[in-house]
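*Asks:* Here's a sequence, model it:
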Amino acid sequence: MMAFRSSRSVAALTGGAMLLALGACGQLEQDYPEPPIDPNAPHRYKSDPPESTLFGEGGFNVLGFLESDEDTGGTGIGVNAFLWRAALDTVSFMPLSSADPFGGVIITDWYSPPETPGDRFKLNVYILGRQLRADGLRVSVFRQTRDAAGKWVDSAVQPKTATDLENQILTRARQLRVARASTG
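*Replies:* Presented below is the predicted three-dimensional model:
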């Protein structure tokens with residue numbers, strides 16, 4: 001019993017010492033004044049070098065904040081915002097497994113339609129670019145059917161199914177773009 005209490009107190013002292021050491025680190029920080037901002041370029045400091053960068057004119061623009069909103073839908077995601085929103089709207093009846101707006105990938109979980117419980121479907125939607133174009137979208141459809149033993153077995157999917165889903169997503173994306181153009 002004595003050894004147990006002493007190991008607990010050593011652990012408490014060690015933990016307390018670590019917290020004290022981490023707290024002391026905050027005292028070492030100094031406040032440096034912000035460099036003056038150049039009024040001719042509000043997003044840059046006077047001390048920054050000119051626009052020539054390793055990544056060319058305009059630099060490396062990961063989120064697209066400084067680009068034109070014409071083709072992108074105006075958000076900071078890595079793919080076309082209209083295609084992204086339209087894809088989410090189109091597959092909203094299925095449970096999502098993952099959705100990556102920067103990579104442009106939507107993966108659904110298996111979904112069994114109520115009218116055919118012996119079938120289930122899964123979708124992978126890939127948005128391939130920042131422009132609203134038909135070749136900027138790919139849909140993969142997977143289908144499984146339940147066999148006599150009750151196990152799920154992969155089944156063929158008609159190629160037209162993926163094409164129809166792509167067309168639905170593109171139609172919805174165009175509707176979203178027109179709606180945005182009429183409001184703004």
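
*Asks:* I figured R138 hits L128, correct?
*Replies:* Yes - using CB atoms under 8 Å, R138 is in contact with L128, at 6.5 Å. For the C-beta atoms, the positions are set from N, CA and C on the backbone; glycine is no exception.

*Asks:* give me the element R177 is part of.
*Replies:* For R177, the host element (DSSP states H and E) is helix 159-183.

*Asks:* In CSV, list the C-alpha atoms belonging to the helix or strand that contains V141.
*Replies:* Per DSSP H and E: V141 is located in strand 137-146. Output of strand 137-146 as CSV, limited to C-alpha atoms (Å, rounded to 0.1, in the frame of the first residue of the first chain):
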residue,chain,number,x,y,z
LEU,A,137,-17.1,15.4,-63.2
ARG,A,138,-16.9,11.6,-62.9
VAL,A,139,-19.3,9.3,-61.1
SER,A,140,-18.6,5.6,-60.2
VAL,A,141,-21.6,3.4,-59.3
PHE,A,142,-21.2,0.2,-57.4
ARG,A,143,-24.0,-2.3,-57.0
GLN,A,144,-24.4,-5.4,-54.8
THR,A,145,-27.3,-7.9,-54.7
ARG,A,146,-28.1,-10.4,-51.9
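
*Asks:* Tell me which other helices or strands it touches.
*Replies:* With contacts defined as 3 or more CB pairs under 8 Å, 6 or more residues apart in numbering; DSSP states H and E, strand 137-146 has these neighbours: strand 119-127, strand 152-155, helix 159-183.

*Asks:* what residues does stretch 152-172 touch?
*Replies:* Stretch 152-172 is contacted by residues 83, 85-87, 89-90, 119-120, 123, 125, 134, 137-147 when judged by CB atoms under 8 Å, 6 or more residues apart in numbering.

*Asks:* re earlier: neighbouring strands - and their directions - for the strand holding V141?
*Replies:* Using DSSP bridges, the strands paired with strand 137-146 are strand 119-127 (antiparallel), strand 152-155 (antiparallel).

*Asks:* then the shortest one to CSV, C-alphas only?
*Replies:* Listed next in CSV are the C-alpha coordinates belonging to strand 152-155 (Å, rounded to 0.1, in the frame of the first residue of the first chain):
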residue,chain,number,x,y,z
TRP,A,152,-23.9,-9.4,-50.7
VAL,A,153,-22.4,-10.2,-54.1
ASP,A,154,-21.1,-7.6,-56.6
SER,A,155,-23.3,-7.0,-59.6
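
*Asks:* residues of it that come out buried?
*Replies:* Counting neighbours by 16 or more other CB atoms under 10 Å, one finds that strand 152-155 has no buried residues.

*Asks:* Thanks again, I'm all set now.
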